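Visitor: kindly generate the corresponding structure for this input.
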Amino acid sequence: MDIWQLASNGVVTLLVGGGIFAWVRGTLGRAVDVAREQALAALSRAHAKLLADERQAWERELEKQRQEFTRLLEKEREEAQRRMESFKITLGLGAEIRRQVAAKRVEAAIKLLEAGRPLFRAALNGRINSPEDRRLFHERITEYIAVLADWEIFFETNTAASLTEFIGQVSRAHNDWVHKNDPDALGRAMTALSQFVNLLRKEMFIDAEAASDLSVSSPSAS
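Guide: As a prediction, this is how the structure comes out:
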């Protein structure tokens, strides 16, 4: 075999070997590319699944918190409703108590007016040295005091004190008129009566200026 054959065989071998090498390299390259694409696809799917799982977990947690918030909100609403109902009951009870007290105060004022009228008459119609008139006057005082004791609880302290002072004013007027024949005693008695009536009119929630309509017979000075 001459040199040219050897050379040609070598060239053929080199060409064949190079082709095989190129084919192998291409095949390996494509395999690597396929493997890489598969790996990237798998990674992408895994990442997508992870994101989906995290989203589902987040949505479940969000729904759980929403339900918990709804329960708390409903609980607070029910508690607020109970407090409101309790407040309404308390407010209504207080208003009802005040209404009943006001009604009792009006009734008490009427009772005292009814007791004050005969007391005033007995004080100024008494005759000098008349045991019967003195007895009647003291009876009227006792009746007025009894009524005041029963009903003064419905008046404020100052009002109750003024209603008690009326007894002293009428008693002094009675003493000055019957025993001293003091003509000014009648005026003082009328002033006391006017104050007495005005006070009770206020307690009965009557705003008009008080004017006594209690009839007083002409006093006798015999």
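
Visitor: all helices for the protein, in order.
Guide: Listed in chain order, the helices of the chain (DSSP state H) span 3-124, 131-151, 157-174, 184-203.

Visitor: mean pLDDT and mean neighbour count added to those, as JSON lines?
Guide: Just so you know, the C-beta spots here come from the backbone N, C-alpha and C atoms, and that holds for glycine as well. Listed next are those as JSON lines, based on pLDDT from 0 to 100; neighbours: other C-beta atoms under 10 Å:
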{"stretch": "helix 3-124", "mean pLDDT": "75", "mean neighbour count": "12"}
{"stretch": "helix 131-151", "mean pLDDT": "91", "mean neighbour count": "15"}
{"stretch": "helix 157-174", "mean pLDDT": "89", "mean neighbour count": "16"}
{"stretch": "helix 184-203", "mean pLDDT": "87", "mean neighbour count": "18"}
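
Visitor: how far away is the residue nearest to Arg127 when sequence neighbours are not counted from Ala115?
Guide: Of all residues beyond its chain neighbours, the one nearest Arg127 is Asp133 (5.1 Å), with distances taken as C-beta to C-beta, 6 or more residues apart in numbering. For Asp133, the distance to Ala115 equals 18 Å [C-beta to C-beta, to the nearest Å].

Visitor: against Arg121, how distant is the residue nearest to Glu152 when sequence neighbours are not counted?
Guide: The shortest distance from Glu152 to any non-neighbouring residue, by C-beta to C-beta, 6+ apart, is to Ala160 (4.3 Å). Note on Ala160: its distance to Arg121, by C-beta to C-beta, is 23 Å.

Visitor: swap in Arg66?
Guide: The gap separating Arg66 from Arg121 is 82 Å, by C-beta to C-beta.

Visitor: do the same with Arg99
Guide: Arg99 is 34 Å from Arg121, by C-beta to C-beta.

Visitor: related to what we said a few turns ago, pretty sure the residue nearest to Arg127 sits against Arg121.
Guide: No: Asp133 is not in contact with Arg121 according to C-beta atoms under 8 Å; the separation is 10.8 Å.

Visitor: quick one: distance of stretch 53-63 to the chain centre.
Guide: With C-alpha atoms, centre = their mean, to the nearest Å as the basis, stretch 53-63 stands 43 Å off its chain's centre.

Visitor: ok, stretch 127-141 next?
Guide: Chain-centre distance of stretch 127-141: 57 Å, with C-alpha atoms, centre = their mean.

Visitor: what's the answer for stretch 156-175, then?
Guide: The answer for stretch 156-175 is 41 Å, by C-alpha atoms, centre = their mean.

Visitor: alpha carbons of it, as PDB, please.
Guide: Extracted as PDB, the C-alpha positions of stretch 156-175 are listed here (Å, rounded to 0.1, in the frame of the first residue of the first chain):
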ATOM      1  CA  GLU A 156     -87.800  68.600  98.200                       C
ATOM      2  CA  THR A 157     -86.400  69.500 101.600                       C
ATOM      3  CA  ASN A 158     -86.800  73.300 101.100                       C
ATOM      4  CA  THR A 159     -90.400  72.900  99.900                       C
ATOM      5  CA  ALA A 160     -91.300  70.600 102.900                       C
ATOM      6  CA  ALA A 161     -89.700  73.100 105.200                       C
ATOM      7  CA  SER A 162     -91.800  75.900 103.700                       C
ATOM      8  CA  LEU A 163     -95.000  73.800 104.100                       C
ATOM      9  CA  THR A 164     -94.100  73.300 107.700                       C
ATOM     10  CA  GLU A 165     -93.400  77.000 108.200                       C
ATOM     11  CA  PHE A 166     -97.000  77.700 107.000                       C
ATOM     12  CA  ILE A 167     -98.200  76.300 110.300                       C
ATOM     13  CA  GLY A 168     -96.200  78.800 112.300                       C
ATOM     14  CA  GLN A 169     -97.300  81.700 110.100                       C
ATOM     15  CA  VAL A 170    -100.900  80.900 110.400                       C
ATOM     16  CA  SER A 171    -100.600  80.300 114.200                       C
ATOM     17  CA  ARG A 172     -98.900  83.700 114.700                       C
ATOM     18  CA  ALA A 173    -101.600  85.400 112.600                       C
ATOM     19  CA  HIS A 174    -104.300  83.600 114.700                       C
ATOM     20  CA  ASN A 175    -102.700  84.700 117.900                       C
END
